[in-house]
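Novice: Using only what follows, build the 3D model:
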Amino acid sequence: MRAKSFNSSENCFVLNTGHKIPAVGLGTWQADGDICTEAVRTALEVGYRHLDCDHLYGNEVEVGQALSEALRGGLKREDVFVTSKLWCTTNAPKRVETSVKVCLKNLELSYLDLYLVHWPLTFSFGDATDPPRKPGMELRQPSHRLKATWQAMECLVEKGLVNSIGVSNFSIQQIEELLSFAKIIPAVNQVELHPFWRQDDLVKFCQAKGIHVSAHTPLGVPASNLLSNECGSSGEDECETPRIAFRRCRSVHVPMIKTSVVANIAARLNKTPEQVILRWGLQRGTSVLPRSLRPERIKTNFDIFNWSLSEEDWKKINSLEPQLRLIDSGYSNISEAGPLQAVQETDDDIEGI
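Specialist: Residues are numbered from 1 along each chain as shown. Next comes the predicted model:
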């Protein structure tokens, strides 16, 4: 069950670019202000060397503050893996470089280790999460959109602004289209993965193509109704880019960690249910990105090395049902076959493509 490309001595996976991605990262979604800074500070002290960020989360300044403190304290920049993402309103090709530079300024960094196309859709610059609902509005799927955006992403690598590029929440069909023209193969596909949403076919497909799979929401989420994120830092924005929180459409966090299969394994191994689930993800060959603001939980979530699940236990978790997707982007118009579907294209979007 040892994952391909997993380096057990360094607890990391080797990407198709040759760079190493730590197996456990701290998710920073919905972490605001001083609480965010403290969580990142705790994680780095515990031993985390992977931070999963996004300008959309509205807290990259706080993440940058904690990271800068650690770097001034002796931590080497090359020993920390920092990810950020390109949001759907800023993926017009000419905005891609500006967007990553905003992230770099807020994080106080000169380069990112990984930059991801956040979702396989796009809409007019400045729109909020709910796209225009005009009666009879024609939805278009321009074939040039993903190609042009990806070419702009590839330029970031050439300019040394990012080490690796990838995608997030992409399906098999969407990745297949991307591979048909990509000069740089995506290094990572970050998707929702947990025992109740395993996406087995997608994981196998990506791994067969040499694309590492990283698991966001690996422990499920508690029920919550989320609106636009007005909290967080006043870090630099590109023309007041909206900070938007996604809708959590259902909760399986409590049922997942309390299900008898997981609970029994955890009790027998003297581990927490969360540790068991994260270890399951690791043994699938995926890196995992648990989010927590609690110091003790941050510590225990990192303790998934130097022990393993038996083949029998791993298979039990791998057969849990039902399969339920938790994170809903709120767009019924996301197409499996049409990457970066344009909800509305403006002249500014099309210019120069």
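
Novice: pLDDT weak spots in the stretch 151-300 of the chain?
Specialist: Within the stretch 151-300 of the chain, the stretches with pLDDT under 70 are 221-257.

Novice: Just the strands from it, written as ranges.
Specialist: 162-168, 188-192, 212-216, 247-248, 287-289 (DSSP state E, counting those that start in this stretch).

Novice: now those strands in a markdown table, with mean neighbour count and distance to residue 280?
Specialist: No exception for glycine: its C-beta is placed from N, CA and C like everyone else's. What follows is the strands of the stretch 151-300 of the chain, written out as a markdown table (neighbours: other CB atoms under 10 Å; distance: least, CB to CB, whole Å):
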| stretch | mean neighbour count | distance to residue 280 |
| --- | --- | --- |
| strand 162-168 | 25 | 21 |
| strand 188-192 | 24 | 15 |
| strand 212-216 | 25 | 10 |
| strand 247-248 | 18 | 22 |
| strand 287-289 | 26 | 9 |
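
Novice: Ok, which of these comes nearest residue 53?
Specialist: strand 287-289 (10.6 Å; CB to CB).

Novice: Now find how far off-centre stretch 264-282 is within its chain.
Specialist: The gap between where stretch 264-282 is centred and where its chain is centred comes out at 22 Å by CA atoms, centre = their mean, to the nearest Å.

Novice: hmm, I was thinking of stretch 291-308
Specialist: With CA atoms, centre = their mean, you get 18 Å for stretch 291-308.

Novice: buried residues in that stretch?
Specialist: Under the neighbour-count criterion of 16 or more other CB atoms under 10 Å, stretch 291-308 has 291, 292, 297, 298, 299, 300, 301, 302, 303, 304, 308 buried.

Novice: List the contacts of residue 261.
Specialist: Residues in contact with residue 261 (CB atoms under 8 Å, 6 or more residues apart in numbering) are 316, 317, 320.

Novice: can you pull the contacts of the closest residue in space to residue 93 that isn't next to it in sequence?
Specialist: When the adjacent residues along the chain are set aside, residue 93 lies closest to residue 152, with 4.1 Å between them (CB to CB, 6 or more residues apart in numbering). Taking CB under 8 Å, 6+ apart as the criterion, residue 152 is in contact with 93, 94, 96, 97.

Novice: And the first one, how far from residue 149?
Specialist: Just to be clear, that refers to residue 93. Using CB to CB, to the nearest Å, we find residue 93 at a distance of 6 Å from residue 149.
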